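[1] model the following, please.
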Amino acid sequence: MDNVLCDYDRGKRVAHLAELAGSTGEFVHQAIWDSGFELLGDSGTLDAIDYLRGFGERIGYPLSLDEWVEARRRSMQADLAMLEIVGQLRRTVDVAILTNNTTLVADHIDTLLPELRPLFGQRIYTSAQFRTAKPDPLCYRLCVSELQAKPENVLFVDDLAANVAGARQAGLLAHHYTSVETFKQTLSDHGLLREP
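    This next block holds a predicted model:
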């Protein structure tokens, strides 16, 4: 999802959280991302309630769910070119999202990025629901199982090389996303992109 289907600017999120907490962006980033706390949410080690509570405790501010969602929303902007491609793909193949995130992202996706639901329906999965995270091959296998698909029939797309490698370890086809054009070429190579 992030940096493939949408531009994700963590700096905007951090700045908004720092403003709420009366703190600095550096402090918030260290408390959540540099500390490894975010991975506890992504991997499902912390459930949504404990994650949200811990998030607030770490930044020294009693963060509400609405505030967390708003900070996340401000950091995301749909990539319309990519969403147009997804719209073409879904006419002939099933499409789904697997994102390293807490379940709060899937629960509030209609607020965070409302453009996704019409394209993906209920097939928006977060790593936390599988209690593991990319690039662990188990994360992909559990998601593919949920989709009732075979790994060798799935083309996985991610902007992080490590996540692409994890998908390949799990038996999926995979594309390292760097641009819309290279993605379109990969789709063409697999016979998946048909002009409208």
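[2] pLDDT weak spots in the protein?
    Confidence mapping of the chain against pLDDT under 70 gives the ranges 195-196.
[3] per-domain residue ranges of this protein.
    The record's domain parsing of the chain by automatic domain parsing lists 6-74, 78-189.
[4] make JSON lines from those domains and add mean neighbour count to it.
    Every C-beta, even on glycine, is put in place using the N, C-alpha and C of the backbone. Putting those into JSON lines (neighbours: other C-beta atoms under 10 Å) gives the following:
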{"stretch": "domain 6-74", "mean neighbour count": "17"}
{"stretch": "domain 78-189", "mean neighbour count": "17"}
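[5] tell me the secondary structure for the nearest residue to Leu112 once chain neighbours are set aside?
    Of all residues beyond its chain neighbours, the one nearest Leu112 is Arg73 (5.0 Å), with distances taken as C-beta to C-beta, 6 or more residues apart in numbering. Following DSSP: H, G, I helix; E, B strand; the rest coil, the label given to Arg73 is helix.
[6] list the contacts for His16?
    Residues near His16 by C-beta atoms under 8 Å, 6 or more residues apart in numbering: Glu70, Ala71, Arg74, Ser75.
[7] that should have said Pro151, apologies.
    Pro151 makes contact with Tyr140, Arg141, Val144, Ala170, Gly171, Leu172, according to C-beta under 8 Å, 6+ apart.
[8] just His190 next, same as before
    Applying C-beta under 8 Å, 6+ apart to His190 gives the contacts Leu155, Leu173.
[9] apply 7 Å and report the result again.
    Counting by C-beta atoms under 7 Å, 6 or more residues apart in numbering, His190 makes contact with Leu155.
[10] how about the contacts of Pro151 in JSON lines, adding distance to Thr132 and secondary structure?
    Conversion of the contacts of Pro151 to JSON lines gives the following (distance: C-beta to C-beta, whole Å; DSSP: H, G, I helix; E, B strand; the rest coil):
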{"residue": "Tyr140", "distance to Thr132": "9", "secondary structure": "helix"}
{"residue": "Arg141", "distance to Thr132": "9", "secondary structure": "helix"}
{"residue": "Val144", "distance to Thr132": "13", "secondary structure": "helix"}
{"residue": "Ala170", "distance to Thr132": "11", "secondary structure": "coil"}
{"residue": "Gly171", "distance to Thr132": "16", "secondary structure": "coil"}
{"residue": "Leu172", "distance to Thr132": "15", "secondary structure": "coil"}
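[11] and the closest residue in space to Arg123 that isn't next to it in sequence, how close does it get to Pro62?
    If you skip the residues right next to it in sequence, Arg123 has Ala96 as its closest partner in space, 3.8 Å away by C-beta to C-beta, 6+ apart. Here Ala96 is placed at a distance of 35 Å from Pro62 (C-beta to C-beta, to the nearest Å).
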